[in-house]
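K.L.:
Turn this into a structure:
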Amino acid sequence: MKKKAIVSIILNTLIFVLVSFATISMIFNFNIMSRSEEVRAFTAANLSAFKYYTVDSNVFGGLLALVYIFFEIALAKGKITRLPKLLHLLRLAAATGLTLTMLVTAFFLIPQFGENWAILYIDNNFFFHLTVPLLSIITFIFFEPDTDDISLKDSLFGIITMAIYAVFYTINIIAHLNSGNPLKDYDWYGFLGGNISNALIAVPAMLLITWLISLGLWIGNRKINLKK
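P.N.:
A predicted model of the protein is given here:
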């Protein structure tokens with residue numbers, strides 16, 4: 001087995017293990033870094049946390065990492081000659097979603113939390129908001145082989161998880177309007193700022209940002225693979 005494939009398997013195993021640990025900790029409200037009530041209030045817990053894109057994108061990325069490991073082992077053993085294009089596209093979508101999660105935390109949520117910003121990187125959030133996204137970026141750009149069949153237009157596939165979530169998020173807000181205005185409990189990210197018409201700007205903007213992230217990951221991977 002090639003050294004690059006071994007490193008890839010190690011990184012993907014780490015991603016799967018960290019996501020599994022963070023998800024289990026979240027569901028059972030188990031905190032390893034802090035047990036203060038202030039921290040617990042800002043840490044996603046139990047099954048209701050699956051309403052957050054952060055959690056969904058991490059679980060998706062973790063499960064996909066596990067699937068990828070089996071395909072890489074099959075490739076190393078000669079059972080397949082190359083990885084399926086669909087797997088590469090799903091990996092691009094997962095890496096894109098996780099990168100988006102990391103950037104939204106850093107540039108949108110941190111300013112809102114002010115001096116309490118460190119809470120966003122405590123307990124399961126340390127893995128969801130930082131560690132797993134960074135590992136996914138590194139893995140896709142440097143250790144994703146045989147991506148020469150992914151074209152520029154295929155980079156649009158990277159927005160798929162955000163597009164699905166945007167539909168769910170918007171419908172959920174519309175279903176719980178108060179006198180025509182979004183309720184904070186349902187616009188939990190605060191993207192609409194209390195005005196439903198802002199969805200006409202927020203949704204396209206998020207999709208555009210997501211595609212730019214996908215494009216950046218695609219370009220990064222292409223540059224690394226061209227150096228082979």
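K.L.:
wouldn't Phe50 be in contact with Asp56 here?
P.N.:
Yes. With contact defined as C-beta atoms under 8 Å, Phe50 counts as touching Asp56 (6.3 Å). C-beta coordinates here come from the backbone N, C-alpha and C atoms, glycine included.
K.L.:
Between the two, point out the one with more neighbours.
P.N.:
Higher neighbour count among Phe50 and Asp56: Asp56, with 18 against 15, using other C-beta atoms under 10 Å.
K.L.:
Please state the offset of the top helix by length along the chain from the chain centre?
P.N.:
In the chain, taking DSSP state H as the definition, the longest helix is helix 199-226. Computed by C-alpha atoms, centre = their mean, to the nearest Å, the chain-centroid distance of helix 199-226 equals 13 Å.
K.L.:
buried stuff in that helix?
P.N.:
199, 202-203, 206, 210-211, 213-218, 220-222, 225 (16 or more other C-beta atoms under 10 Å).
K.L.:
What of stretch 16-33?
P.N.:
Phe16, Leu18, Val19, Ala22, Thr23, Ser25, Met26, Ile27, Asn31.
K.L.:
do the same with stretch 163-171
P.N.:
Ala163, Tyr165, Ala166, Tyr169, Thr170.
K.L.:
Low-confidence bits of this protein, can you list those?
P.N.:
1, 34-46, 228 (pLDDT under 70).
K.L.:
Which strand or helix spans the residue nearest to the spatial centre of the chain?
P.N.:
With distances taken as C-alpha atoms, centre = their mean, Leu98 lies nearest the centre of the chain, 2.2 Å away. Taking DSSP states H and E as the criterion, Leu98 maps to helix 85-104.
K.L.:
For that helix, name the packing helices and strands.
P.N.:
Helix 85-104 is packed against helix 53-76, helix 132-143, helix 160-174, helix 199-226, with contacts defined by 3 or more C-beta pairs under 8 Å, 6 or more residues apart in numbering; DSSP states H and E.
K.L.:
next helix or strand past it?
P.N.:
helix 110-113.
K.L.:
Ramachandran coordinates for the residue located most distally from the centre of the chain?
P.N.:
Distance from the C-alpha centroid of the chain peaks at Ser179, with 33.5 Å (C-alpha atoms, centre = their mean). Note on Ser179: backbone dihedrals following degrees, to the nearest 10 are phi 60, psi 40.
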